[in-house]
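Novice: sequence and predicted model, in that order:
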Amino acid sequence: MIWLKALTRKIRSKAGDSLAEVMVAILIAALGASALVTMVLSATAVIGKSEAEMNNIYAAEALIASQATTDDSTVTISGAALGTAINITVQVQEDEDYDLKRYTLPRESTP
């Protein structure tokens, strides 16, 4: 409760703040503003890198979606819970530049 009395006394006081108190307040405000600016700039850089990477992935996906496939491959799914193995025929399309692969069922139409 002592701090509450001191705060009340400070608010009611007609005396001004000292130069040291003003300089400390300005320093704290400047540090807060510079931290905020740094966070905004960092976030902007991360967003730019993410957008560039997503554009690369979209381009690779568009490239492999446009490729025609003639070879079919078989994927085998097995496990103790299944009992018997399941074979699924798939078509494999890949982008050699970005190392992205796409597996589709032969009856599935590509976008």
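Specialist: Received, thanks. Residues are numbered from 1 along each chain as shown.

Novice: just for this structure, where's the confidence low?
Specialist: Applying pLDDT under 70 to the chain picks out residues 64-65, 67-72, 90-111.

Novice: can we see that at 90?
Specialist: 1-19, 21-22, 53, 55-111 (pLDDT under 90).

Novice: which one's the longest helix in it?
Specialist: Scanning the chain for the longest helix, with DSSP state H as the assignment, gives helix 19-66.

Novice: by contact count, what packs against the next helix or strand after that helix?
Specialist: Scanning forward in sequence from helix 19-66 by DSSP states H and E, the next helix or strand is strand 72-77. Packed against strand 72-77 by the contact rule (3 or more C-beta pairs under 8 Å, 6 or more residues apart in numbering; DSSP states H and E) you find strand 86-95. Just so you know, the C-beta spots here come from the backbone N, C-alpha and C atoms, and that holds for glycine as well.

Novice: no further queries at this time; thank you.
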